[in-house]
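Student: Fold the following, please.
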Amino acid sequence: MTDYLVRATAANAQIRAFAVTSRELVEYARNAHDLSPVVTAALGRLMTGGVMMGSMLKGEQDLLTLQINGAGPVHGLTVTADSKGNVKGYADNPQAMMPPNRAGKLDVGGVIGLGVLTVMKDMGLKEPYSSTIELKTGEIGDDLTYYFAASEQVPSSVALGVLMEKNNTVKQAGGFIIQLMPFTEEEVIARLEQKLSALPPVTTLLEQGSTPEQILETVLGDLGVEITDTMPVRFHCNCNKERVEKVLVSLGKKELQELIDEGEDVTLNCHFCNTDYVFTVEELKKIHV
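Tutor: Residues are numbered from 1 along each chain as shown. Sure thing, here's the model as predicted:
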């Protein structure tokens with residue numbers, strides 16, 4: 001199944017909701033960066049949350065960046081998403097390992113550790129919007145739930161999950177975000193809270209074959225869920241040799257000349273997709289002109 005996202009409303013537009021299946025894009029990141037299982041789960045959750053949050057952006061050129069900096073062995077995670085379903089991300093220490101937690105699950109909170117989450121939105125203004133919160137659990141879904149409440153004053157429930165195969169490829173990945181509008185009635189809130197408290201993990205729903213539409217039906221079905229939009233999502237990096245060349249230009253003529261004098265090819269790596277770009281001495285001379 002190709003990854004995709006659905007947007008929906010429920011309870012006469014008192015609730016807005018998003019759900020996504022993201023197995024392919026998480027597997028792409030795992031393979032591109034050679035991630036350990038626990039880092040796959042951590043980065044996969046952040047990308048899954050990021051692609052849903054990116055779909056909330058209004059403008060065609062708007063960009064969302066999520067950055068986690070923690071005291072755990074992975075050190076940091078960075079994810080960027082746009083409004084068109086494109087997402088990319090990387091881990092500072094892709095091979096970080098962590099024993100399973102008490103429940104025998106991948107210890108995402110442990111591999112991240114104590115730290116902060118920064119959310120940046122570049123909406124074409126002079127300065128990007130930026131908000132930083134302390135991580136509550138490092139489990140990412142909880143932290144994004146807290147972010148929405150603390151920074152955007154939007155009561156939300158964020159559920160994210162990544163399930164690995166025994167051969168360490170990605171078996172399932174996906175999630176949902178449920179948000180309450182300011183005018184949501186108390187009765188609707190109570191019914192929703194009851195439903196969420198009894199809900200199995202999102203990976204269990206995916207393993208049972210649930211689509212994003214069916215996940216939202218499970219959560220919101222008795223509140224009159226209406227799917228408003230469907231869009232494909234994917235891991236996509238917009239790097240190319242021309243963009244990377246600008247990094248060399250920014251070094252200045254003196255440093256470029258030093259690279260030319262060394263007489264060897266220069267390789268620059270894109271953090272997001274792990275693609276190497278090689279510039280020969282002849283190409284460096286053309287850039288230097």
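
Student: residue boundaries of the strands in this structure?
Tutor: Listed in chain order, the strands of the chain (DSSP state E) span 4-10, 15-21, 63-70, 76-82, 86-91, 115-122, 129-134, 156-164, 170-180, 226-232, 234-235, 266-269, 276-279.

Student: okay if I get those strands as TSV plus distance to residue 48, mean neighbour count and mean pLDDT?
Tutor: Heads up, the C-betas are built off the backbone N, CA and C, glycines and all. TSV is the format used below for the strands of the chain (distance: least, Cβ to Cβ, whole Å; neighbours: other Cβ atoms under 10 Å; pLDDT from 0 to 100):
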stretch	distance to residue 48	mean neighbour count	mean pLDDT
strand 4-10	10	22	97
strand 15-21	6	25	97
strand 63-70	11	21	97
strand 76-82	9	23	97
strand 86-91	8	25	97
strand 115-122	15	18	96
strand 129-134	19	13	94
strand 156-164	5	23	97
strand 170-180	5	24	97
strand 226-232	14	13	96
strand 234-235	11	20	96
strand 266-269	25	13	91
strand 276-279	27	14	92
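
Student: Serialize the ones you listed to a markdown table and add fields for distance to residue 107.
Tutor: What follows is these, written out as a markdown table (distance: least, Cβ to Cβ, whole Å):
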| stretch | distance to residue 107 |
| --- | --- |
| strand 4-10 | 28 |
| strand 15-21 | 24 |
| strand 63-70 | 12 |
| strand 76-82 | 15 |
| strand 86-91 | 15 |
| strand 115-122 | 15 |
| strand 129-134 | 19 |
| strand 156-164 | 13 |
| strand 170-180 | 17 |
| strand 226-232 | 32 |
| strand 234-235 | 24 |
| strand 266-269 | 29 |
| strand 276-279 | 32 |
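
Student: just so I know, which of those strands lies nearest residue 202?
Tutor: strand 156-164 (4.1 Å; Cβ to Cβ).

Student: by how many degrees do the closest one and strand 15-21 diverge?
Tutor: 10 degrees (axes from the mean of the first three to the mean of the last three Cα atoms, to 10 degrees).

Student: Count the residues that sit near residue 83.
Tutor: For residue 83, the count of nearby residues is 17 (other Cβ atoms under 10 Å).

Student: quick one: which of the strands of the chain is nearest residue 32?
Tutor: strand 234-235 (7.7 Å).

Student: Okay, now the sheet partners of that closest one, with direction.
Tutor: strand 86-91 (parallel) (DSSP bridges).
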